[in-house]
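Novice: Dropping a prediction and its sequence here:
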Amino acid sequence: MKPLTTEQIRAVIARGKTNDLIFKSLGIFCLALALLVIVALIADMVMKGSERFTVDFFLNFASRRATEAGILSAWVGSLLVMLVTACAAVPLGVAAGLYLEEYAKRNWLTSIIEINITNLAAVPSIVYGLLALGIFVYQFGFGQSILSAGLTLALLILPIIIVSTREAIRAIPAMIREGSMAVGATRWQTCRYHIVPYAMPGILTGVIIGLARAIGETAPIITIGALTFIAFLPPVPLTETGQGTAGLFDWLMSPFTVMPIQIFNWTSRPDPAFEVNAAAAGFVLMAMVLSMNAVAIWLRYRLRKNIKW
Amino acid sequence: MFKPTQIAVALGLAGLFAAGAANAQVIKIDGSSTVYPITEAVAEEFQKAKKNAIKVTVGISGTGGGFKKFCRGETDFSNASRPITAKEMEDCKAAGVQYVEMPVAFDALTIVINPKNTFLKQVTVEEMKKLWEPAAQGTVTKWSQVNPAWPDAPVKLFGAGADSGTFEYFTEAMVGKAKSSRGDYTASEDDNVLVQGVSRDVNAIGYFGYAYYAENTAKLKALPVVSPKTGKAVEPSAANVENGTYQPLSRPIFVYVKAASLDKPEVKEFIEFYMKHGAKLTKEVKYVPLPAAAYTGNLDHVAKKKLGTVFGGKNEIGITIEELMKREAKM
């Protein structure tokens, strides 16, 4: 083979550079497209819903009159359901991920469990709704309550949390584990003081992705019996309700509605004035998701600062 | 002896088991999305009138879904856009759930076209059958195929999704058999999608409940339907439903109440409120109210606990308000 001339080498390099440029512009184009979509979406909702961004909108219950209708029961419901979901899914998911990475023996049983967890993440959400209707609503007798909804969504996001926990744990260098063991720490102490804290930023990312998915879910929540019209809030713990003092956890058994259901109801009503409400509520839901993301990013930043390897 | 966390857990469990007491005065309603606007309006006004001392919840799980819950005894009321079916009657009987049937309003299923459409002045049941029957799928694609007098323009169809009571009623009234329809049309459970579709296409035709037409009269034109009984073309309106001439697409809608719930004072109060203000609120949400006698008749049935249905488990096409009233009175 003849060695390439300088001209030829230059040509090869030039071609490579053109390809680079093409790929770079393509990448920027894709990114811009994605950003454009989200900006357009938000702008559209803000413009359509702007006249409803009043204090009353947040403090009023649903109504048949568009201008008087608000999202109080919906945002409170969404918030409480998310609280239950997080309380149930995070400890379970993190513990399961930790066990699979740190404790489980590598055998066929573990492999089957791993494959199934990954598969679970792809199961349509309505299936979780049907499962929860049978188990939580009827079998356990939780009824059509915030508790049932929270646990249903917890099931839904459990695979996401488990998978992201495992990814985060795997990213920790083996020497951390070995170092800890070498100075005589037990497996539990290693997990408690090293693995979990170092994996925390990654785990939090998974939790947020999961919760952001859960807050927008409608199908499973409707299946287990969320309501459309509800003009009262769950009982506040230890306050007078008219039938005696509310218990600490009475709100768990309260009927509820959530934001996506309220939005869906408004978009499907005959009176076009409700589209304004739907747009405004859509923006609020988006803001809820974005602020959840913001909290997670802030926490991740705080936690990363404390990690010193 | 006990750590604070242990005490908190114990308290939490106690709280869980003590729950339920707070739900005593909640009236639970579920069912049809067609009846929902009326019941929602009543519930809203009722709670205002009672200063929120009595709580009312209204869900939308469809007429069939509502009856499933109702026959398990989970709800006090069930909204229904058609009478209870024989199968549902059996389910209720098996669970020991008895009920009082209360017609609350009439709805006029409305066939709509684009306002710019000039060739459609009226339509007969036979023409609609030709257009919508399953055999038309893929073959009837031009207006001229339905009626030679109509232009050689493509047909654009918009209709209710297969899960709705509207779809069931429309197919039974037009094609002759419930749920028997061609499949190649734009189907949506969300009627606003249909409104948008018809308002953007000159050659479009669609159908949905009267309320969606009434809120969008600027974008749509309602098509008069030739009544098979009189042979006259009648357009959908409150007056024509009331005098029974809009046929066969007028349909009564119902609320069923569980007999066992009638012992609860708050449920009785709610029914009284519903029957007293039902007519006014029905008009407000663009449905056709029944004559005053129908509401007092319902109250009478409730007071005397006249259980069961006057339809015998079958849906009926083209029943007029008058016929319904006669049948209710005989009960």
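Specialist: Alright, I've got the coordinates. Everything numeric here is computed off the predicted structure, so don't read it as measured data.
Novice: Only alpha carbons, please: show stretch B:287-296 as CSV.
Specialist: Output in CSV follows, covering the C-alpha atoms of stretch B:287-296 (Å, rounded to 0.1, in the frame of the first residue of the first chain):
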residue,chain,number,x,y,z
TYR,B,287,-80.7,19.4,29.1
VAL,B,288,-84.5,19.2,28.8
PRO,B,289,-86.2,19.1,32.2
LEU,B,290,-89.2,16.9,32.9
PRO,B,291,-92.7,18.3,33.8
ALA,B,292,-93.0,19.2,37.5
ALA,B,293,-95.2,16.1,38.0
ALA,B,294,-92.3,13.8,37.2
TYR,B,295,-90.2,15.2,40.1
THR,B,296,-93.1,15.0,42.6
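Novice: ok, which stretches of chain A are strands?
Specialist: Using DSSP state E, the strands of chain A run over A:229-230.
Novice: per-domain residue ranges of it.
Specialist: Following automatic domain parsing, one gets these domains for chain A: A:6-50, A:54-306.
Novice: deepest of the ones you listed, which one?
Specialist: Burial of the domains of chain A is given as mean neighbour count (mean count of other Cβ atoms under 10 Å in any protein chain shown); domain A:54-306 ranks first at a mean of 18. No exception for glycine: its C-beta is placed from N, CA and C like everyone else's.
Novice: That one vs chain B: in contact?
Specialist: Yes. Domain A:54-306 comes into contact with chain B (Cβ under 8 Å from any Cβ of the partner chain), by way of A:62-64, A:144, A:222, A:225-232, A:235, A:237, A:241-244, A:246-250, A:252-255, A:265, A:267-272.
Novice: In helices, which of those appear?
Specialist: Of the positions in these, A:222, A:265, A:267 sit in helices, assigned by DSSP state H.
Novice: Verify the stated contact: the last one with A:F274.
Specialist: Meaning A:T267. Yes. Assessed by Cβ atoms under 8 Å, A:T267 is found in contact with A:F274 at 7.4 Å.
Novice: Format the domains of chain A as a markdown table; extra columns: mean pLDDT.
Specialist: Output for these, formatted as a markdown table (pLDDT from 0 to 100):
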| stretch | mean pLDDT |
| --- | --- |
| domain A:6-50 | 93 |
| domain A:54-306 | 89 |
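Novice: Nearest approach to B:Q145 belongs to which of these?
Specialist: Closest approach to B:Q145 among these (Cβ to Cβ): domain A:54-306, 32.3 Å.
Novice: mind listing the helices in the stretch 151-300 of chain B by residue range?
Specialist: B:165-174, B:191-199, B:210-214, B:238-242, B:265-284, B:292-303 (DSSP state H, counting those that start in this stretch).
Novice: okay, those in JSON lines with distance to A:S180 and mean pLDDT next?
Specialist: As requested, these are exported to JSON lines (distance: least, Cβ to Cβ, whole Å; pLDDT from 0 to 100):
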{"stretch": "helix B:165-174", "distance to A:S180": "65", "mean pLDDT": "88"}
{"stretch": "helix B:191-199", "distance to A:S180": "59", "mean pLDDT": "89"}
{"stretch": "helix B:210-214", "distance to A:S180": "66", "mean pLDDT": "90"}
{"stretch": "helix B:238-242", "distance to A:S180": "79", "mean pLDDT": "89"}
{"stretch": "helix B:265-284", "distance to A:S180": "63", "mean pLDDT": "93"}
{"stretch": "helix B:292-303", "distance to A:S180": "73", "mean pLDDT": "90"}
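Novice: Select, out of these, the one closest to A:L158.
Specialist: Of the helices of the stretch 151-300 of chain B, nearest to A:L158 by Cβ to Cβ is helix B:191-199, at 34.4 Å.
Novice: Put the alpha carbons of the closest one into PDB.
Specialist: Below are the C-alpha coordinates for helix B:191-199, written out as PDB (Å, rounded to 0.1, in the frame of the first residue of the first chain):
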ATOM      1  CA  ASP B 191     -67.200  15.000  22.400                       C
ATOM      2  CA  ASN B 192     -65.200  18.200  22.000                       C
ATOM      3  CA  VAL B 193     -63.000  16.300  19.600                       C
ATOM      4  CA  LEU B 194     -66.100  15.600  17.500                       C
ATOM      5  CA  VAL B 195     -67.200  19.200  17.700                       C
ATOM      6  CA  GLN B 196     -63.800  20.300  16.400                       C
ATOM      7  CA  GLY B 197     -63.900  17.700  13.600                       C
ATOM      8  CA  VAL B 198     -67.300  18.600  12.300                       C
ATOM      9  CA  SER B 199     -66.700  22.300  12.500                       C
END
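Novice: Which residues outside that helix are in contact with it?
Specialist: By Cβ atoms under 8 Å, 6 or more residues apart in numbering or on different chains, the surrounding residues in contact with helix B:191-199 are A:267-270, B:112-115, B:156, B:158-160, B:186, B:188, B:204-209, B:212, B:216, B:219-220.
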